[in-house]
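Undergrad: Just the structure for this:
(2 chains)
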Protein chains: 2
Amino acid sequence: MKRVLPPNVSAAQFKDALADFAKAIGSDWVLSSDEDIATYSDIYNPGPEEEWLPSAAVAPGSVEEVQEVVRIANKYKTPLWTVARGKNLGYGTAAPRLPGSIVLDMGRMKKIRMVDEELGYCVIEPGVSFFDLYEHLQKMGGKLMMSVPGNGWGSVMGNALDHGVGYTPYGLHASKICGMEVVMPDGGMLRTGMGAMEGNHAAHLFPFNYGPTWDQMFTQSNLGIVCSMGLWLMPTPDSSLQLTIDIPKAEDIGWVIDTLTPLKVSGLIDQNVFIPSWLGKISVIGTRKDFWDKPSAIPEWRVNELLKQYKLGYWQVSMRLYGEVDVVKAKAEVVKTAFRKQTDQPIDELWWHKGDPTNVMDTTLGVPTAVPLQMGAWVGGRSAHLGFSPVVPAQSSHVLGQLKRSQELYAKYDVDFYASFTIGGRFVNNINMLMFDRDKPKDVQNIKDLFDELIVVTKEAGYGEYRTHLNWMDEVAQTFDYGDNAMTRYNEIVKDALDPNGILSPGKQGVWPRAYRQFARR
Amino acid sequence: MKRVLPPNVSAAQFKDALADFAKAIGSDWVLSSDEDIATYSDIYNPGPEEEWLPSAAVAPGSVEEVQEVVRIANKYKTPLWTVARGKNLGYGTAAPRLPGSIVLDMGRMKKIRMVDEELGYCVIEPGVSFFDLYEHLQKMGGKLMMSVPGNGWGSVMGNALDHGVGYTPYGLHASKICGMEVVMPDGGMLRTGMGAMEGNHAAHLFPFNYGPTWDQMFTQSNLGIVCSMGLWLMPTPDSSLQLTIDIPKAEDIGWVIDTLTPLKVSGLIDQNVFIPSWLGKISVIGTRKDFWDKPSAIPEWRVNELLKQYKLGYWQVSMRLYGEVDVVKAKAEVVKTAFRKQTDQPIDELWWHKGDPTNVMDTTLGVPTAVPLQMGAWVGGRSAHLGFSPVVPAQSSHVLGQLKRSQELYAKYDVDFYASFTIGGRFVNNINMLMFDRDKPKDVQNIKDLFDELIVVTKEAGYGEYRTHLNWMDEVAQTFDYGDNAMTRYNEIVKDALDPNGILSPGKQGVWPRAYRQFARR
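TA: Predicted coordinates:
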């Protein structure tokens, strides 16, 4: 395997750095064999895995060890790429943006430091997975409910910090963060919010600082290493009702959005409503070759045939209401009345009451699952996926425009279309999945070209991505072009002030420290 | 009147600076007469008005003029103290923390740039008052409802930026900010969130940046001058039900909080519930001398007599539910059942339906009012008030502890006790009003001594203030002492990087730029 050292670090210096790391955290936790490095490469990379190779990985076991690692990294000027559990599939997994960076794997720090069932929050470390926290809460008696993303095998903290989305009333995970403990680039410690006071009882309850509020500055960020954070959890409701409706045609998404948005903005629906296109359902039934035997994209007539055969709509809308039975019933009437104005499609009702069992697919009840990863098998071979993820206003005009733009580009590049729209409030997260077989270089290049053009065309129309893969972090940052890229410029002023050696996650979301700015693609 | 120049600025330089300001924004908007300066002093200051005197004020009329003002201030190194409308009563009004600063009065910029009734938000400038926005929304047909603080005569933006609180479901005003346009200390422009992309349609809809999210860094902050911001507004509900209950005794606040918090955390009550003590009601009926003729604090036996005479509880709890009639009815049953477990006190019900008139006291329906300012007249003379405002967890043990500590200190200093608790979620904002006659220097000193001790005793118990008056900005910052005051230290690293000349609001919330750090009380 190709070996890459950090820029401007000699092999001898690198060896000394690793020796110092080993002294600080134990040699078992300094990982630099070929096998180790392969573990931290991007197994979903659209291109060779060697594209984003780390030089090594270090896995500290405590806050003090993280501080030591940061001090050593400053001494040797070895950049660190922080990951929680490194499961950010479709956006780069554990691999660093700057090749040769040392992956700072926080996965060993996996304490659930506390759960307060009355006030509804937990304090967790980066290594805590959705499954870990779920089990813990269930063992305590299930008074609190999590919010989980579609694929729940990553880190609770990592997902929240990367602006991940779930499908409960707490689905905007980053907005439920309250109070962090952060190792800063100089090795110092910072606690945000009320926790900036030693021993403050409201450290994870009050969402503001006295003075500027920092929490969100550490999301999608390279300004510090979050070692623990408070996360609000929802009390498990007395009951919950799921209303499911199949929506026949692609363009129907327009009235669906215009029906849901007022209910979401008024707060009647407090859940993030997930609306996946047909491929989401079909990919659980079989893989691509079961439905279409040509390499070209499945044509419209065949899609319609499949929808008919499997009795599926182009979209499926599943809404969930939570609370006391009578409140849920009253809310359900409002929702049904709103939909009845638009469609005669049957609305399936499924009640759940506290204490009832849940199943593996109940992400809207906070049950973590890895089933949606099956979708990865769709194209066959050593399959992988990428997400193209713009945010659009929650209105039909914007959603239909985005749908049309994406569909046209997918058609141009002859790729199967799969999109979901998740209403998170006044906006929609649109995730366009791009699936490819990593062993077909032509297909990979085609997907990359499609991605490039999606960014450009979407930006021209006035929309931006909320998150992106390593390979496009700079390109997407460049689309935020107001005031000659003022946001990147001011981010970098703050970055240089807090991290003069540029050791923390250089290039994260297109923010480059002075020391490595020449590596930015601008 | 005493005249104070900015530190290290000669009279000649100051004159040149004023001339440059006049050239940039018009001489009418450079204010430096004795009368002007008196206008920008703190009329509620606990001490002489001359304590926090500005050297002048400038009032730009556009974003470009703000940029010009900042460039000139950098040239002459004249610090600017930014205020929206300067109505921050009880926390310093328009006066600067560093005497001799030039007040940057943003009040002339008062455009409501847009209101989107479908997606529920507005884009406003700093000078827009609660009354301005209320009138505007009413003229449009009242589809959207505001959230207003107790005293609504200030700036909507200024209140949100200072973490002000209202009593609707949108009552945590700062958390409804989405997308800002900011003049930075170097005169450059920054737009936050999706607005960092020129022409992005989701600029005021999606609450995160691509990369670190800055919005909250500009609250209680001196890192930039917010020239406009998006603020989410709640759709006016179909109906609303107010449930009011008098709570007899002081210690009853314990079970009240423990009854309300689970309903608030579960989301059944989405409003911020305001619970004022008896003085709030009595001060609307008359002034102090009507009830007690001695200078000493009203004793407990007399308080009990008054409560009996006026048929008041020690506390009054008014809860409001919002939404479709049947949903509100179902929620009300849950609330009433919870209270019935604790008390037989009657629960007054008052329905409101869309289109019904509102009255001047309907702050919970978003109607701005200045009536609570009457409370200022309580002590008589040239009366003023201060707020001591710690945040505590929304649990009886914490609330009762804070109540006892405050009551004991008020008694020690022989001052009438008045407090309110507002449940904002998992926490409670406790506002302790301190009322005094500014023309009685001994009383003023007594209030200051009480305030000093409140800070110390509250900090020792593990709680911090969320906001404070100019006079204690440093002292409260010092209570945030984790890691040798790490928060202030890192705030100042960022401050110095973005504002090397230290011209924006030095000392705001205890954050001092290098140029003036010697003025910090540490």
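
Undergrad: Name the helix or strand of chain A that has the lowest mean pLDDT.
TA: helix A:279-285 (a mean of 87; mean pLDDT, DSSP states H and E).

Undergrad: For that helix, what is the distance to the chain centroid?
TA: Centroid separation between helix A:279-285 and its chain, computed with C-alpha atoms, centre = their mean, to the nearest Å, is 21 Å.

Undergrad: Kindly export that helix (C-alpha atoms) in CSV.
TA: In CSV, the C-alpha atoms belonging to helix A:279-285 read as follows (Å, rounded to 0.1, in the frame of the first residue of the first chain):
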residue,chain,number,x,y,z
LEU,A,279,-36.5,2.9,-5.3
GLY,A,280,-36.3,3.0,-1.5
LYS,A,281,-39.0,0.3,-1.2
ILE,A,282,-38.0,-1.7,-4.3
SER,A,283,-34.3,-2.0,-3.2
VAL,A,284,-35.5,-3.8,-0.1
ILE,A,285,-37.3,-6.4,-2.2
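
Undergrad: quick one: average confidence on whichever helix or strand comes after it?
TA: Using DSSP states H and E, the next helix or strand after helix A:279-285 towards the C-terminus is helix A:300-309. Here helix A:300-309 scores 94 as its mean pLDDT.

Undergrad: Helix A:300-309 packs against which elements?
TA: Packing partners of helix A:300-309 (3 or more C-beta pairs under 8 Å, 6 or more residues apart in numbering or on different chains; DSSP states H and E): none among the helices and strands. Just so you know, the C-beta spots here come from the backbone N, C-alpha and C atoms, and that holds for glycine as well.

Undergrad: Contacts for that helix next, please.
TA: For helix A:300-309, contacts defined as C-beta atoms under 8 Å, 6 or more residues apart in numbering or on different chains pick out A:248, A:278, A:282, A:291-292, A:298, A:312-314.

Undergrad: and what of stretch A:56-75?
TA: A:17-18, A:20-21, A:24-26, A:29-32, A:36-37, A:39-40, A:78-80, A:94, A:102-109, A:181, A:183-187, A:189, A:225, A:227-228, A:501, A:503-504.

Undergrad: Now do the contacts for residue A:341.
TA: Contacts of residue A:341 by C-beta under 8 Å, 6+ apart are residue A:259.

Undergrad: if we can go back for a sec, which of the contacts of stretch A:56-75 fall within helices?
TA: A:17-18, A:20-21, A:24-25, A:36-37, A:39 (DSSP state H).

Undergrad: who wins for most neighbours among those residues?
TA: residue A:21 (28 neighbours; other C-beta atoms under 10 Å in any protein chain shown).

Undergrad: Now do the closest residue in space to residue A:29 that isn't next to it in sequence against chain B, distance only.
TA: Nearest residue to residue A:29 in three dimensions, chain neighbours excluded: residue A:59, at 4.4 Å (C-beta to C-beta, 6 or more residues apart in numbering or on different chains). Residue A:59 sits 24 Å away from chain B, going by C-beta to the nearest C-beta, to the nearest Å.

Undergrad: Run a quick neighbour tally on residue A:59.
TA: Neighbours around residue A:59, by other C-beta under 10 Å: 21.

Undergrad: Could I get the pLDDT score of the residue in chain A sticking out farthest from the centre?
TA: When each C-alpha in chain A is compared with the mean C-alpha position (C-alpha atoms, centre = their mean), residue A:12 comes out farthest, at 37.5 Å. According to the predicted model, the pLDDT of residue A:12 comes to 97.

Undergrad: Now it, what are its backbone angles?
TA: With angles defined as degrees, to the nearest 10, residue A:12 sits at phi -70, psi -40.

Undergrad: Repeat that for residue A:120.
TA: Dihedral angles (degrees, to the nearest 10) for residue A:120: phi 70, psi 60.

Undergrad: Tell me if I'm right that it and residue A:231 touch.
TA: No. Applying C-beta atoms under 8 Å as the test, residue A:120 and residue A:231 come out as separate, 9.9 Å apart.

Undergrad: What subset of the contacts of helix A:300-309 is buried?
TA: Buried members of the contacts of helix A:300-309, scored by 16 or more other C-beta atoms under 10 Å in any protein chain shown, are A:278, A:282, A:291, A:298, A:312-314.

Undergrad: Can you tell me which of those residues is closest to residue B:361?
TA: residue A:313 (50.2 Å; C-beta to C-beta).

Undergrad: Could you find the closest non-adjacent residue to the closest one?
TA: Leaving out its chain neighbours, the residue that sits closest to residue A:313 by C-beta to C-beta, 6+ apart is residue A:246, at 3.2 Å.

Undergrad: And the one you found, how close does it get to chain B?
TA: On the measure of C-beta to the nearest C-beta, residue A:246 and chain B end up 26 Å apart.

Undergrad: Please identify the helix or strand for that residue.
TA: Short version, using DSSP H and E: residue A:246 is in strand A:239-247.

Undergrad: and that strand with helix A:300-309, angle?
TA: If you take axes from the mean of the first three to the mean of the last three C-alpha atoms, to 10 degrees, strand A:239-247 sits at 140 degrees to helix A:300-309.

Undergrad: And the helices in chain A?
TA: Using DSSP H, helices in chain A cover A:11-25, A:34-39, A:63-76, A:130-140, A:156-161, A:253-266, A:279-285, A:300-309, A:325-340, A:396-412, A:441-460, A:473-479, A:482-498.
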